[in-house]
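Engineer: A predicted structure for the sequence below; I have some questions about it.
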Amino acid sequence: MKKKVLVIFILASIMLGFRYSIKQETHNPIVILQQMYDSIKAVKTLKLHINALERIDKTFFSEKSEIKLNVNPRRLYFINRKKKLEILYNQNENNGKAIIKSNILPLFNLDPTGNIMRKNQHYTIHELGYDFIGKSIALTIAKDKDGIKNFTYIGKHKKFNYNCYVIQYENKNYNFVDYVVGEKETVSMIAAKLVVNDYLLRYNNNLLNEFGYLKKGSRIIVPTLYCKKAVLFIHEKWMVPVAVSIYDGMGLFESYEYPHIEINPNISPAEFNKNHAGYGF
């Protein structure tokens with residue numbers, strides 16, 4: 001609990017520092033990012049259509065999905081209509097497990113962070129929504145000593161008929177370094193501690209199917225930063241991401257687009273129940 005409070009305090013201090021130390025210019029990328037961070041914190045409920053493109057090994061896979069999200073307590077309904085895959089997660093129910101239904105699997109209760117739900121996925125269902133994006137950017141800036149200088153305002157562009165600010169982040173010093181595994185550390189724990197991508201860490205160390213504790217004292221390679229380059233399209237009015245593209249040393253690593261966005265819609269608790277009308281559980 002103390003660690004969680006400390007992280008929140010650090011994030012708040014970072015972003016407040018930006019707010020009071022930077023001249024409030026309309027096209028200052030850090031000001032835009034601060035406004036985005038504030039807007040994300042104000043999101044209580046969310047409906048999104050998501051177009052995802054992820055590099056798995058050396059091949060790109062695309063998926064389209066939709067989510068309904070209640071931020072606190074975290075409640076999530078996810079559907080991929082093509083795969084007929086539905087996921088329901090309620091933070092305070094079902095012992096922390098998600099309810100899964102697909103066209104190839106019967107009804108299952110699964111750990112969102114376990115190997116079945118993580119296999120060939122860049123993220124878990126816990127990272128769906130905007131909160132993870134906001135925190136990742138704040139921590140990237142904190143970790144990158146030249147972080148502010150590495151953000152560039154590109155201009156205004158339309159994306160899915162939304163007027164957007166376009167911000168680019170790029171750090172040419174992105175690299176991989178050795179890391180010595182400590183006691184009782186998993187890949188996910190190391191990724192969270194170093195603020196790097198979990199899947200990328202697994203891929204570069206041949207640990208895609210390793211979800212237990214790593215051997216203490218063993219060496220792995222870790223990226224020095226979350227990404228080499230990122231491009232964000234931020235809604236001019238709502239100040240939330242409309243599209244995010246992430247690049248590593250090989251090029252494009254992942255891209256997420258949100259063609260349909262509803263901020264703080266009225267979502268009844270019944271919509272996070274498996275017996276809700278229209279669901280296939």
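Structural biologist: Structure received. Numbers count the residues shown, from 1 in each chain.
Engineer: quick check: mean pLDDT across stretch 107-125?
Structural biologist: Across stretch 107-125, pLDDT averages out at 88.
Engineer: Only the buried residues of that stretch, if you could.
Structural biologist: 110, 112-113, 117-118, 122-125 (16 or more other Cβ atoms under 10 Å). Placement of C-beta: from N, CA and C, glycine included.
Engineer: how much distance is there from stretch 192-208 to the middle of the chain?
Structural biologist: 14 Å (Cα atoms, centre = their mean, to the nearest Å).
Engineer: follow-up on the earlier one: okay, the buried residues of stretch 107-125 in TSV with secondary structure and distance to Phe281 next?
Structural biologist: Listed next are those as TSV, based on DSSP: H, G, I helix; E, B strand; the rest coil; distance: Cβ to Cβ, whole Å:
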residue	secondary structure	distance to Phe281
Leu110	strand	13
Pro112	coil	16
Thr113	coil	21
Met117	helix	16
Arg118	helix	22
His122	coil	25
Tyr123	coil	23
Thr124	coil	20
Ile125	helix	15
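Engineer: May I ask which two of those residues are separated the most?
Structural biologist: Leu110 and His122 (17.6 Å; Cβ to Cβ).
Engineer: hang on, the earlier thing: what's the closest of the buried residues of stretch 107-125 to Asn80?
Structural biologist: Ile125 (11.9 Å).
Engineer: Quick check: the gap between that closest one and Val187.
Structural biologist: 18 Å (Cβ to Cβ, to the nearest Å).
Engineer: try Val240
Structural biologist: Taken as Cβ to Cβ, the span from Val240 to Val187 is 30 Å.
Engineer: again, but for Glu63
Structural biologist: Taking Cβ to Cβ, one finds Glu63 at 23 Å from Val187.
Engineer: Mind checking which of those two has more residues around it?
Structural biologist: Val187 (22 against 14; other Cβ atoms under 10 Å).
Engineer: Kind regards, and thank you for your time.
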